[in-house]
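K.L.:
Provide a 3D model corresponding to the input given below.
(chains A and B)
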Amino acid sequence: MTSQRSLVQVQYCPFFDEIIVDFWIHTERFKMSSKKQDDYMERMRHSASHIMAEAVQHLFPDAKFGIGPTIEDGFYYDFELPRPLTPEDLPIIENEMRKIISQNVPFIADEMSKDKARELFAAQPYKLELIDEIPDSSVTIYKQGSFIDLCRGPHLASTGEVKAFKLTRIAGAYWRGDEKRPMLQRIYGVAFESQEELDNYFSRQAEATKRDHRKLGKELDLFSIHEEIGPGLICWHPRGAMIRQVIEDFWKAEHRKRGYDIVYTPHIAKLDLWKTSGHWEFYRDYLFSPMEIEGQQYMLKPMNCIGHILIYKSKLRSYRNLPLRYAELGTVYRYERTGVLYGLARVRGFTQDDAHIFCRPDQIEEEVLEVLNLIQFMMSSFGFDEYELLLSTRPEKYAGTVSMWEEATGSLKHVLEKLDLHYEIDPGEGVFYGPKIDIKLKDALGHVWQGPTIQVDFNLPQRFNVCYIGEDGLEHNVAMIHRTVLGSMERFLACLTEHYGGAFPVWLSPVQALIIPIADRHVSYAHKIASSFKNDGIRVCVDDRSERMNLKIREAQLEKVPYMLIVGDKEMATSGVSVRLRSGEDLDIKAPTEVKKRIRAAIEARS
RNA sequence: GCCAGCGUAGCUCAGGGGUAGAGCAGCGGUUUCGUAAACCGCCGGUCGUCGGUUCAAAUCCGACCGCUGGCUCCA
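P.N.:
This next block holds a predicted model:
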């Protein structure tokens, strides 16, 4: 998985525009930020950030200033302060900002030599560091009132033009994003052109919060995480497990159709294997500690590839056998630092929808093409219309030869172009063992998660001597492709839950239809209807509690059950059911066969 | 792992140096009802864990565990 550091730099660091431009001029990403250059909102948010910095300076005269760029919807500024900030500080800083805004002082730009700037910022170590890194001989500064900042601008004409803003949160942030450097205190704020837009922002946030899979997971009874079991370890409840089963069944059927062989491999293996594979050497920080069994060291598997390789190597393979595609819903365990765990999206134990394709080098391109087709099919089946494709190229440390990398990267690129897919290049972000194509999915709160991935591997075939006998009768190293089309079941369910806001399409809904008898005398009729629906393969339940219909409907709505089938005297008299959809729509009395047909059609259309 | 905040009943949350409260859920009744919450009663918590300060700690302090928001990381 790649970091987002590069993207962050482009969007977030106004002080380094020149450097960034040189470096990123050929990438798509630069366009994203350049579009914003003259944007009014950009200037306003950046100005708000300077006003916040001035307010902080008023309150903490000894403050040291880091950087204060704009971000989506707002801005932040990093400070070194004599004491930690608490949430109570935010309104105080906001008030100070309002004072500065009401004074309506102008932003004044100036240009000066770097030496002069060094004098000016003599007490500001972070600014001095920034000055040193600016390639030009002079720098620009911006001044409002008593506050002077090293800054390229542009800004608004004066502080009074900043209209609607709010400081949202405080956070620690390493200087220059480097773990080894001091942690500064970051204040985040949002700013808009009007109070109305600011209000809209907060109501959008509130809507997004409702889609949070961690919240919906509890409300819809999908999964739980227990302190007693351990952080990042998931218990799938019956409803979550139902969704997972449907996805897995669909996944397996689709893989069998496309020439994959489904396999199973053990969850633990001897440590020596992981030494041979290089995991022990390269990823020890992400592995659970080994365990000793009968004097032998064993380890929980962090990846599924080793098992698949050993299956491949269990007999001699001819070039005629290739490609071989081994697929497994393989559960892996990786030690993730506590601070990074996040609901189902970042966990310590997860099930990858993994497969390894063993092929001849000349088959890579076609195999990648087929995988991309499969990914597209899967994404569209689950309603993901928009996702980001990234092609990651050779990093500094790499296995294999430059020519192998170039050839494989070329193949990946060629396939992407052949399929006319829009993608971006992530330079140097490939895994050490080969180039890859990643697909990123966005969650409701705007986090970007790696989902599907296709990775070419030059490392393992060599380390494990994975070969086939070629036409020439000689052994050749096989080409190996790692790939997932969903990512992991856990992360995929997280994204899926947020994507649908918990209202899963009928084919995925744990309960597809809930039968609601109005009074106790309708219960046996309800069960009769239920069993006929069950016989037709529809997941149906009867709410046969002695409760009022209104309560049952309310609860079914909250559970987002797609079909509510109400049965009372009228329905019994006509042998029908009244259909209510979760949209609130009332379809009136229908014949059960008609309703079954309708639900079956929705299931088969995967809608 | 780092910075900040938080941790009170199954859930959502109030309270706060003198030994705990609401709504929902659960349980027991009553109600048998027509498209998003019927009514009455009962049960329920060593206030995350461990240690310290104090006559007295759920409340103050410390450590640890976990969660939240960021940072870093993410094969």
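
K.L.:
drop to CA atoms for contacts and neighbour counts, all remaining ones
P.N.:
Noted.

K.L.:
For the stretch 151-300 of chain A, just list every one of the strands.
P.N.:
With DSSP state E, counting those that start in this stretch as the criterion, the stretch 151-300 of chain A has strands at A:164-174, A:183-192, A:223-225, A:234-236, A:261-262, A:268-270, A:291-293, A:296-300.

K.L.:
Which helix or strand contains A:Phe75?
P.N.:
strand A:74-80 (DSSP states H and E).

K.L.:
Each with direction, which strands does that strand pair with?
P.N.:
strand A:64-65 (antiparallel), strand A:70-71 (antiparallel), strand A:183-192 (antiparallel) (DSSP bridges).

K.L.:
Now tell me which of those strands the model trusts least on average.
P.N.:
Note on those: strand A:70-71 shows the lowest mean pLDDT, a mean of 91.

K.L.:
Quick one: check it for contact with RNA strand B.
P.N.:
No - Strand A:70-71 stays clear of RNA strand B (C-alpha under 7 Å from any atom of the strand), getting no nearer than 9.9 Å.

K.L.:
next one: stretch A:236-250
P.N.:
No - Stretch A:236-250 lies out of reach of RNA strand B by C-alpha under 7 Å from any atom of the strand, never closer than 13.5 Å.

K.L.:
Return that stretch as CSV; C-alpha atoms alone will do.
P.N.:
This file holds the C-alpha atoms of stretch A:236-250, laid out as CSV (Å, rounded to 0.1, in the frame of the first residue of the first chain):
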residue,chain,number,x,y,z
TRP,A,236,-18.7,-11.0,12.6
HIS,A,237,-22.3,-11.2,13.9
PRO,A,238,-24.9,-13.2,12.1
ARG,A,239,-26.0,-10.3,9.9
GLY,A,240,-22.6,-9.1,9.0
ALA,A,241,-21.6,-12.7,8.4
MET,A,242,-24.6,-13.1,6.1
ILE,A,243,-23.5,-10.3,4.0
ARG,A,244,-20.0,-11.7,4.0
GLN,A,245,-21.3,-15.1,2.9
VAL,A,246,-23.2,-13.7,0.0
ILE,A,247,-20.1,-11.8,-1.1
GLU,A,248,-17.9,-14.8,-0.7
ASP,A,249,-20.3,-17.1,-2.6
PHE,A,250,-20.5,-14.6,-5.4
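
K.L.:
buried stuff in it?
P.N.:
For stretch A:236-250, the neighbour count (16 or more other C-alpha atoms under 10 Å) marks A:Trp236, A:Arg239, A:Gly240, A:Met242, A:Ile243, A:Arg244, A:Ile247 as buried.

K.L.:
Name the residues of the stretch 201-350 of chain A found near RNA strand B, please.
P.N.:
Counting by C-alpha under 7 Å from any atom of the strand, the stretch 201-350 of chain A comes close to RNA strand B at A:214, A:227, A:230-232, A:279, A:283, A:286-287, A:302-303, A:334-343, A:346.

K.L.:
Now, of those, which are buried?
P.N.:
A:214, A:231-232, A:279, A:286-287, A:302-303, A:334-336, A:343, A:346.

K.L.:
just to revisit the earlier point, can you redo the buried residues of stretch A:236-250 as CSV with distance to A:Leu369 and pLDDT?
P.N.:
Shown next, in CSV, are those (distance: C-alpha to C-alpha, whole Å; pLDDT from 0 to 100):
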residue, distance to A:Leu369, pLDDT
A:Trp236, 34, 96
A:Arg239, 35, 96
A:Gly240, 32, 96
A:Met242, 31, 97
A:Ile243, 29, 97
A:Arg244, 27, 97
A:Ile247, 23, 97
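
K.L.:
from those, which single one is nearest A:Tyr201?
P.N.:
Closest approach between those and A:Tyr201, by C-alpha to C-alpha: A:Gly240, at 31.3 Å.

K.L.:
Could you check how far that closest one is from RNA strand B?
P.N.:
Applying C-alpha to the nearest atom of the strand, to the nearest Å, the value for A:Gly240 to RNA strand B is 17 Å.

K.L.:
orientation of the strand holding A:Phe75 relative to strand A:164-174 in degrees?
P.N.:
Orientation check (axes from the mean of the first three to the mean of the last three C-alpha atoms, to 10 degrees): strand A:74-80 against strand A:164-174 gives 40 degrees.
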